[in-house]
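Q: Predicted model follows, preceded by the sequence.
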Amino acid sequence: MSDTRNLSPGLKLALDFGPLLVFFLGNARAGIYAGTGLFMAAVLIALAVSYHLTRRLPVMTVVSAAVVLVFGALTLWLRDETFIKVKPTIIYGLFGTVLLAGLLMRRPLLAMVLDAVFDLDEDGWRKLTLRWALFFFALAALNEFVWRTQSTDVWVSFKTFAVLPLTFVFAALQYPLLQRHARTRESSLPE
């Protein structure tokens with residue numbers, strides 16, 4: 001039996017969304033700086049739990065956590081909430097850039113991340129990767145717009161309760177592309 005296990009979708013969602021919820025509640029109860037500190041602690045706990053259960057850490061999760069910790073620390077140290085507000089822009093921009101760079105090198109990196117979930121032809125992986133890269137850039141621009149034009153509380157609510165549903169809707173809209181470019185796998189049928 002392998003040490004590497006997969007998380008159930010519900011637990012994965014809790015580990016991904018839980019720190020954001022802690023951030024929202026911390027901000028609502030004690031302000032942005034307390035929320036930021038709690039967010040950083042929750043991210044570390046989620047990473048530890050994820051590693052304990054799966055014996056691995058996905059690259060995107062580690063990068064996101066590192067950016068949270070660096071920008072959260074800058075927010076707390078310099079007492080400037082701009083750093084935590086710009087963090088999503090940097091993460092989304094970084095993910096979009098990495099996906100586009102992979103396409104330019106003719107290696108759709110999304111295929112490496114999602115290959116166990118989807119079996120697409122090469123054209124499908126290229127299109128899906130481009131769409132996700134553009135989506136990440138759109139999220140970066142949207143984050144910039146919201147934090148620069150709205151109150152901190154509105155931005156925290158947007159970050160906590162709007163980004164995840166937008167991501168789910170975007171992912172669901174990719175279903176026709178996934179169907180169109182799916183390769184058939186005899187082993188993919190349930191036994």
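A: Now that the structure is in, tell me what you want to look at.

Q: contacts and neighbour counts: CA atoms only from here.
A: Fine.

Q: May I ask which helix or strand of this protein has the lowest mean pLDDT?
A: helix 109-114 (a mean of 76; mean pLDDT, DSSP states H and E).

Q: Residue ranges in this structure under the pLDDT threshold?
A: Where the chain drops to pLDDT under 70, the residues are 1-5, 115-116, 185-191.

Q: what's downstream of the longest helix seen in the chain, the next helix or strand?
A: As assigned by DSSP state H, the longest helix anywhere in the chain is helix 122-149. For helix 122-149, the succeeding helix or strand toward the C-terminus, using DSSP states H and E, is helix 152-161.

Q: Show me what that next one is packed against.
A: Counting contacts by 3 or more Cα pairs under 8 Å, 6 or more residues apart in numbering; DSSP states H and E, helix 152-161 packs against helix 9-30, helix 122-149.

Q: Now do the helix or strand that that helix is followed by: which elements does it pack against?
A: For helix 152-161, the following helix or strand on the C-terminal side (DSSP H and E) is helix 163-173. With contacts defined as 3+ Cα pairs under 8 Å, 6+ apart, helix 163-173 has no helix or strand neighbours.

Q: With distance to residue 97 and mean neighbour count added, can I get the helices and strands packed on helix 152-161 in CSV?
A: Output for the helices and strands packed on helix 152-161, formatted as CSV (distance: least, Cα to Cα, whole Å; neighbours: other Cα atoms under 10 Å):
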stretch, distance to residue 97, mean neighbour count
helix 9-30, 22, 17
helix 122-149, 7, 19
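
Q: follow-up on the earlier one: what angle separates the longest helix of the chain from helix 152-161?
A: 160 degrees (axes from the mean of the first three to the mean of the last three Cα atoms, to 10 degrees).

Q: Could you check the angle helix 122-149 makes with helix 163-173?
A: 160 degrees.

Q: follow-up on the earlier one: so how far is the least confident helix or strand of the chain off the chain centroid?
A: Computed by Cα atoms, centre = their mean, to the nearest Å, the chain-centroid distance of helix 109-114 equals 14 Å.

Q: So which bits of it are buried?
A: Buried residues in helix 109-114, defined by neighbour count with 16 or more other Cα atoms under 10 Å: 109, 110, 111.

Q: Any chance of a markdown table for the residues you listed, columns distance to residue 163?
A: As requested, those are exported to a markdown table (distance: Cα to Cα, whole Å):
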| residue | distance to residue 163 |
| --- | --- |
| 109 | 22 |
| 110 | 20 |
| 111 | 23 |
